[in-house]
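In: Predicted model and sequence below, questions to follow.
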Amino acid sequence: MQLTEKAHRVSVCMATRNGERFIAQQIASILCQLGCNDELVISDDGSSDTTSMIIAACGDPRVRLLYNPEPGSPVRNFEHALRYAQGEYIFLADQDDLWESDKIKVQTGLLATYDAVVSDCCLIDASGELLADSFFALRGSGKGFWKNLYKNSYLGCCMAFRRRILEQALPFPANIAMHDIWIGLIAERFGTTCFCPDRLVRYRRHGATVTQTGSKSPLSVARQLSYRLYMLYQLLCRKTVV
């Protein structure tokens, strides 16, 4: 996964599934921040609505539409998009949020110093009305390996990281709970991290949301402990990528 001379500077990786309601707005909020050598890599998870047609209708050469060969898992869908990313700076994006106009500028600036940056965000509902002013405040977000293993505060749609973190994170272990906690813990173990207080995403919560980060976990205490021990084992086994 080595960079070439023609490599993209920024790769935004998005996973989609039946996202026709908001996808056009989200893509527009991203593309206006990308340079001509950047890319938006979208992996679709077998959408049965018009999501793929809306993406294709963008007609922008920076947009690459892929199809997830292992449908049914948001974790594998994101992993599929990430495998095709060519950039030095990798951003994660959900299909139904809105990015603030300076998100890429702020986070790439911080990536000059840190290996991974996660920003704060506000929470909005389906109509765009404010639900909460700060995810960091709700979650008690902050850096630290053990802190985030115990209670994850790495929110995927707010994350950006350098290519070395991507190479360290891939391939994803078979049974991780979500992609963002895995990448966040990889960054904590193998790199330097920054929690940026700027609210750079309008993070949309609604009935059709694929992931429910920020909500109370539906898993039993035993199941939560089990998957944390599994991730800890996987992290301890993972060797540094040269």
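Out: Yes, it's here.

In: List the neighbours of the biggest helix by length in the chain that are in contact with it.
Out: Counting by DSSP state H, the longest helix found in the chain is helix 221-237. The contact list for helix 221-237, computed with C-beta atoms under 8 Å, 6 or more residues apart in numbering, reads 149-150, 173, 175-177, 181-182, 185-186, 189, 217, 219. Any C-beta I mention is one placed from the backbone N, CA and C, and that applies to glycine too.

In: if we go to 6 Å?
Out: Residues outside helix 221-237 that contact it (C-beta atoms under 6 Å, 6 or more residues apart in numbering) are Leu149, Pro173, Ile176, Ala177, Leu185, Arg189.

In: OK, contacts around the third one?
Out: Remark: with contacts taken as C-beta under 6 Å, 6+ apart, Ile176 is in contact with Trp182, Met231.

In: Give me the mean pLDDT for stretch 146-160.
Out: The average of the pLDDT scores along stretch 146-160 is 97.

In: Most widely separated two among the contacts of helix 221-237?
Out: The two members of the contacts of helix 221-237 with the most space between them (C-beta to C-beta) are Ala177 and Arg189, at 17.0 Å.

In: Give the residue from the two that has the larger number of neighbours.
Out: Remark: of Ala177 and Arg189, Ala177 carries more neighbours, 18 against 14, as counted by other C-beta atoms under 10 Å.

In: show me the contacts for the more buried one.
Out: Residues Tyr227 are the ones in contact with Ala177 under the rule C-beta under 6 Å, 6+ apart.

In: And for Asn77?
Out: By C-beta under 6 Å, 6+ apart, the contact set of Asn77 is Ala15, Ser43, Asp45, Asn68.

In: part of a strand, is Gly46?
Out: No. Per DSSP: H, G, I helix; E, B strand; the rest coil, Gly46 lies outside any strand segment and is coil.

In: wouldn't it be in contact with Glu70 here?
Out: No. Using C-beta atoms under 6 Å, Gly46 is not in contact with Glu70; the gap is 10.0 Å.

In: more crowded one of those two?
Out: Using other C-beta under 10 Å as the criterion, Gly46 and Glu70 rank with Gly46 on top: 14 against 11.

In: out of everything not next to it in sequence, what's closest to the more buried one?
Out: The spatial neighbour of Gly46 that comes closest, neighbours along the chain excluded (C-beta to C-beta, 6 or more residues apart in numbering), is Pro71 at 4.1 Å.

In: ok, that neighbour to Ala15 distance?
Out: 11 Å (C-beta to C-beta, to the nearest Å).

In: For those two, work out which one has more neighbours and name it.
Out: Legend: neighbour count by other C-beta under 10 Å for Pro71 and Ala15, higher for Ala15 (29 against 14).

In: Let me know the secondary structure of that one.
Out: When classified by three-state DSSP, Ala15 comes out as strand.

In: Spit out the contact partners of it.
Out: The neighbours of Ala15, taking C-beta under 6 Å, 6+ apart as the test, are Ser43, Pro74, Asn77, Phe78, Ala81.

In: how does it look with 10 Å?
Out: 41-45, 68, 73-82, 92-95, 156, 179, 210-211 (C-beta atoms under 10 Å, 6 or more residues apart in numbering).

In: Distance of it relative to Asp180?
Out: Separation of Ala15 from Asp180 (C-beta to C-beta): 11 Å.

In: intersection of neighbour lists for those two?
Out: Counting by C-beta under 10 Å, 6+ apart, the contacts common to Ala15 and Asp180 are Val75, Phe78, Leu92, Gly156, Thr211.

In: so which of those residues is the most crowded?
Out: Greatest neighbour count in the shared contacts of Ala15 and Asp180, by other C-beta under 10 Å, goes to Phe78: 27 neighbours.

In: what's the model's confidence in stretch 20-36, averaged?
Out: In this model, stretch 20-36 carries a mean pLDDT of 97.
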